[in-house]
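J.: here is a sequence together with a model predicted from it:
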Amino acid sequence: MELLIAALRKADPRIRIVSAKNDSLFDVFRRVRRREIRSGKNIIHVQWSTVLYGSRFVLKSVFLLCRNTLLLAVLKFFYDMKIVWTVHNASAHDYPHPLIDSNGSGMIRMVSAAIVLHQETTRSAYASRYPGKKIYYVPHGNYVGAYGLPVPRDRALRTSFGFGDDDIVLGSLGVITPYKCNERIIDVVRGVRAHMPHLKLLIAGKGTSEYVDTLIQRLKGDPGIIIQNRFIPETELSHYLSATAYSVFDYGQSGLPSG
């Protein structure tokens, strides 16, 4: 979000960025009523739809969905605010109520003046499914320079994982969670390693002990696949990237990122 805000300000210094307190539409409504935000030429940019209705409790989710639907309608029709929705996921990750998620996504889509997609291949599908809706393809921004300068190959880090100089290391960095389909990545790499033993896999990031344990059991003792259940600080990311040759991802049918 910091990179997105910086890019917007660079594109047009006249743009004023206002963050809603606790991601609350009620906070936006309160600021408009107090005239801290003037009517007209304002955009409410929704990044993740579950912010508006997400809760593990069904009744709370339904309450938030009803309240925020009403607030969006009031801000749109009475205060001339445009709503833009950047669609990151076809369905919400790790949200336990798919029916509410479907209704919430439909609500946001209905009131949105425009929809932004990060994946070009989905634009035509959305355009045909929702004719008359303004749909834009905007590729992901990059993170060049965000984590410091690139570093030479960190051989000490590779050695600590048991990787040799001639090994081809695939890296999967970031939170370790089921929606990233780690099981399928592990199974594919294990299958390929039968013919290419110098192919290795490093999964590094923070996940729940219960889920990570299931992945470790899936390895069946394969020494060429390493799982490190640890949050990787930003200061170390360049070193981890330098220790790998490629990044590998599998989001199944849920993710729509170009990254």
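T.: Ah, there it is.

J.: excluding chain neighbours, give the residue nearest to residue 184 in space.
T.: Leaving out its chain neighbours, the residue that sits closest to residue 184 by C-beta to C-beta, 6 or more residues apart in numbering is residue 250, at 5.3 Å. Just so you know, the C-beta spots here come from the backbone N, C-alpha and C atoms, and that holds for glycine as well.

J.: tell me the SS of the one you found?
T.: Three-state assignment for residue 250 (DSSP: H, G, I helix; E, B strand; the rest coil): coil.

J.: and the gap between it and residue 122?
T.: 17 Å (C-beta to C-beta, to the nearest Å).

J.: those two: who's more crowded?
T.: Neighbours around residue 250 and residue 122, counted as other C-beta atoms under 10 Å, are more numerous at residue 122. The numbers are 17 against 14.

J.: stretch 214-231: which residues count as buried?
T.: 215, 219, 224-229 (16 or more other C-beta atoms under 10 Å).

J.: also stretch 239-250?
T.: Within stretch 239-250, the residues that count as buried by 16+ other C-beta under 10 Å are 239-240, 242-244.

J.: how about that stretch as CSV, C-alpha atoms only?
T.: The C-alpha atoms that make up stretch 239-250 are tabulated as CSV, following Å, rounded to 0.1, in the frame of the first residue of the first chain:
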residue,chain,number,x,y,z
HIS,A,239,19.4,-12.8,0.8
TYR,A,240,16.7,-15.4,0.4
LEU,A,241,16.0,-14.3,-3.1
SER,A,242,19.7,-14.5,-3.9
ALA,A,243,19.8,-18.1,-2.6
THR,A,244,17.1,-19.2,-5.1
ALA,A,245,17.0,-19.4,-8.9
TYR,A,246,13.3,-19.2,-9.4
SER,A,247,10.1,-18.4,-7.5
VAL,A,248,7.3,-20.9,-7.7
PHE,A,249,3.6,-20.3,-6.9
ASP,A,250,0.3,-22.1,-7.2
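
J.: which outside residues touch that stretch?
T.: Stretch 239-250 has contacts (C-beta atoms under 8 Å, 6 or more residues apart in numbering) with 150-154, 157-158, 161, 163, 168-173, 180-182, 184-185, 201-202, 204, 232.

J.: for that stretch, give the mean pLDDT please.
T.: Stretch 239-250 carries an average pLDDT of 92.

J.: name the SS class of the closest residue to residue 178 other than its chain neighbours, please.
T.: Leaving aside its sequence neighbours, residue 178 sits nearest to residue 211 (C-beta to C-beta, 6+ apart; 6.5 Å). Classification of residue 211 using three-state DSSP returns helix.
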